[in-house]
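Engineer: I would like to see how this sequence folds:
(chains A and B)
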Amino acid sequence: MKGPNPRKFLLVLTPTPLSALSGIALLVLILLAVFAPWVSPYPYDVQNLSIANQAPSALHWFGTDDFGRDVLSRVIFGARTSLSVSLISISLSLFGGVIIGAFCGYLGGWVDRLGMSIVDLTWFFPEILLALLIVAILGPGSESTIIAIAIAYLAQFTRLTRTQIITLKRQTFVEASLSMGAGPLHIMMRRLLPNAIAPVIVVAMLSTGNAILLEATLGFFGMGAQPPIPSWGGMMSTGSSQLFNAPWVIVWPGIFVALSVIFINLFGDGILRALDVKARMRTQ
Amino acid sequence: MLLSVEDLKIGFGLLEPLVGVDLGVDAGEILGLVGESGSGKSMTAMSIMGMLPLMGGRIKQGRIVFDGLDLTTINEGSYRKLRGGRIALITQNPMTSLDPVVRVGRQIDQASQLHLGLDRKEAKSRTIDLMDRMRIPSPQHAYDLFPHQLSGGLRQRIVIAMALAGDPDLLIADEPTTALDVTVQAQIIQLLVELVRDRGLGLILITHDMGVIAQTCDRVAVMYCGRVVEYGPVARLFDDPRHPYTRALISCIPQLGMAPGTLTGIPGMVPSSQNLPKGCRFHPRCDSVLDNCRLREPPMKTEDGRSVACFLHEGGQR
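Structural biologist: Residues are numbered from 1 along each chain as shown, chains lettered A, B, ... in the order given. The predicted model follows:
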């Protein structure tokens, strides 16, 4: 994970030009989201019905929606919602999954069986169904979307961490560490987790793409961020009613959803190669 | 005696991989533990390290006395302080016994931080010092390397440095050279011998190489199927091996100038602990079986400083 030379590490992190480009594109997207109030040409919520449903022009690059709001500004602000919701929910999911998985894998026995049967319950349902179910219980909004996505992806992080820990805890270097007088806490924090975390991070990276899709889907169903706060899914939902007379309202957010998922996947592939310590060891 | 193991018997469920093991090692002395794979050498090491409960086994009988303290009576917490502190283990395979994602220097640091309560800076200077003493070239540079960047011999030196980091009185080296090249083997063994002679450590050297034993050890315990079958000073054991198994092991050492095809092995295999033969455990492979051997297990007889468990030497005659 940490190379002796930081420049070498950056090279390893972006093994192909494609993943490097995707990384840059993602960075731009994130910067756009962070600096949305400064970079967007108009406020996202100012309505002007006299210019409703205008096609893209020099004044409004992406056109305007049925309230006369600037689609470009709403897409930029929508990036804020989509990216933050998916990043926060995946972080929560990752955090919870790693903790539960590490405990179950390390302790084994009844703790493992109990923990895993509860987590596995969430695997009975497709992610979208589970997320809809949870949002239906909690009520629509950004917070419940975050919780729903976090729970929908919890099982995969738990499973992955648990498997990693179970394989690792039988390794000789863990036994060697035990014979050095290391206690369970030391074994867990210093030996097992640092070795287990690389593939988990890659999966988290790739899941962030799926989380953006899931967030957009929930938004499309009207379960996500509530108006007037823009989200890509919500914008597509309103745009769908005028697919034929104002297609730009639904197309632009759609393109951004697709692009961000593609970029995350390509960049995730790069990370996958960069973090695969074992593969690097084989090649040396 | 720095460490004495008395009549040790351990159990994993119904299996008893060690029965009646008696050993002793003094400060500044090397005890060799020799035998084929599966003879219980590593089990003995694990018992002394107190790692049996972590592997699902337990001590059924006997005592392990280290510096006047019976280790079979202390709890896991006190054992953890001893492990890597006053008693350290050098593990079998240097290729797998280092953490692949932690710099080797940090791994040595952690051992001394754990046991000597040093801060990071003190631990680092101690580590560099230890690495230098292990004759690792340019330790300042090597400190920041990862295990996969080092050769097998260097990795084993790191493992030994790790074992020494807690300032142990007793060192257990479980086949420290098995995974290494012959030339590197000699260097590592020499390093261990110097440590014992200079610092007055006690060393238990586990190996299946009778050549290494003859070169380095003061005393030898020959193990077979979880029992010590012969125990005594190294010179006398090699000059006059009493147990047929010891004799067989010695005849397995290849020598230069041997006529091709004359190197002998020991016929048969070590029986598994689920399926031990009745009577003496070695009798199916022994070249001088008596009727008694098939019926009873020979007891350990001690006579002027050496012991053997064989009916051939019941009355002291040959």
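Engineer: Check which element follows the strand or helix carrying residue A:195 along the chain.
Structural biologist: Assessed by DSSP states H and E, residue A:195 sits inside helix A:193-220. Of the helices and strands lying after helix A:193-220 in sequence (DSSP H and E), the nearest is helix A:232-240.
Engineer: By average pLDDT, which secondary structure element in chain A comes out worst?
Structural biologist: Every helix and strand in chain A was compared by mean pLDDT, DSSP states H and E; the lowest is helix A:277-283, with a mean of 49.
Engineer: quick one: the helices in chain B?
Structural biologist: Counting by DSSP state H, residue ranges of the helices within chain B are B:41-49, B:52-55, B:76-82, B:104-116, B:120-133, B:139-142, B:152-165, B:182-199, B:210-216, B:234-239, B:244-251.
Engineer: Then residue A:264 would be within a helix, right?
Structural biologist: Yes. Counting by DSSP: H, G, I helix; E, B strand; the rest coil, residue A:264 is part of a helix.
Engineer: That one contacts residue A:204, correct?
Structural biologist: No. Residue A:264 is not in contact with residue A:204 according to CB atoms under 8 Å; the separation is 10.6 Å. Any C-beta I mention is one placed from the backbone N, CA and C, and that applies to glycine too.
Engineer: For the helix holding residue A:195, name the packing helices and strands.
Structural biologist: Contacts defined by 3 or more CB pairs under 8 Å, 6 or more residues apart in numbering or on different chains; DSSP states H and E place helix A:193-220 against helix A:71-107, helix A:127-138, helix A:142-168, helix A:232-240, helix A:248-275.
Engineer: Could you dump those into JSON lines with mean pLDDT added?
Structural biologist: Shown next, in JSON lines, are those (pLDDT from 0 to 100):
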{"stretch": "helix A:71-107", "mean pLDDT": "92"}
{"stretch": "helix A:127-138", "mean pLDDT": "89"}
{"stretch": "helix A:142-168", "mean pLDDT": "92"}
{"stretch": "helix A:232-240", "mean pLDDT": "87"}
{"stretch": "helix A:248-275", "mean pLDDT": "86"}
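Engineer: Take those and lay them out in TSV including mean neighbour count.
Structural biologist: TSV is the format used below for the helices and strands packed on helix A:193-220 (neighbours: other CB atoms under 10 Å in any protein chain shown):
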stretch	mean neighbour count
helix A:71-107	22
helix A:127-138	18
helix A:142-168	22
helix A:232-240	23
helix A:248-275	20
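Engineer: Make a markdown table from those and add distance to chain B to it.
Structural biologist: Output for those, formatted as a markdown table (distance: least, CB to the nearest CB, whole Å):
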| stretch | distance to chain B |
| --- | --- |
| helix A:71-107 | 13 |
| helix A:127-138 | 31 |
| helix A:142-168 | 10 |
| helix A:232-240 | 38 |
| helix A:248-275 | 10 |
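Engineer: Find the centremost residue of the chain, please.
Structural biologist: Just so you know, I chose chain A. By CA atoms, centre = their mean, chain A has its centre lying nearest to residue A:208, at 1.9 Å.
Engineer: Chain B, not that one
Structural biologist: Nearest to chain B centroid, counting by CA atoms, centre = their mean: residue B:206, 2.6 Å.
Engineer: tell me the contacts of that residue?
Structural biologist: Residues in contact with residue B:206 (CB atoms under 8 Å, 6 or more residues apart in numbering or on different chains) are B:33-34, B:41-42, B:44-45, B:172-175.
Engineer: one more time with 6 Å
Structural biologist: Contact analysis of residue B:206 by CB atoms under 6 Å, 6 or more residues apart in numbering or on different chains lists B:33, B:41, B:174-175.
Engineer: And the residue lying farthest from the centre of chain A, how close does it get to residue A:49?
Structural biologist: Within chain A, residue A:179 marks the point farthest from the mean C-alpha position, 40.0 Å out by CA atoms, centre = their mean. Using CB to CB, to the nearest Å, we find residue A:179 at a distance of 76 Å from residue A:49.
Engineer: nearest to residue B:270, of the contacts of residue B:206?
Structural biologist: When these are compared for distance to residue B:270 (CB to CB), residue B:41 wins out at 11.6 Å.
Engineer: what about the closest one, how many neighbours?
Structural biologist: Each residue near residue B:41 was counted by other CB atoms under 10 Å in any protein chain shown, and the total is 24.
Engineer: Do you know the pLDDT at it?
Structural biologist: Residue B:41 is assigned a predicted lDDT (pLDDT) of 89.
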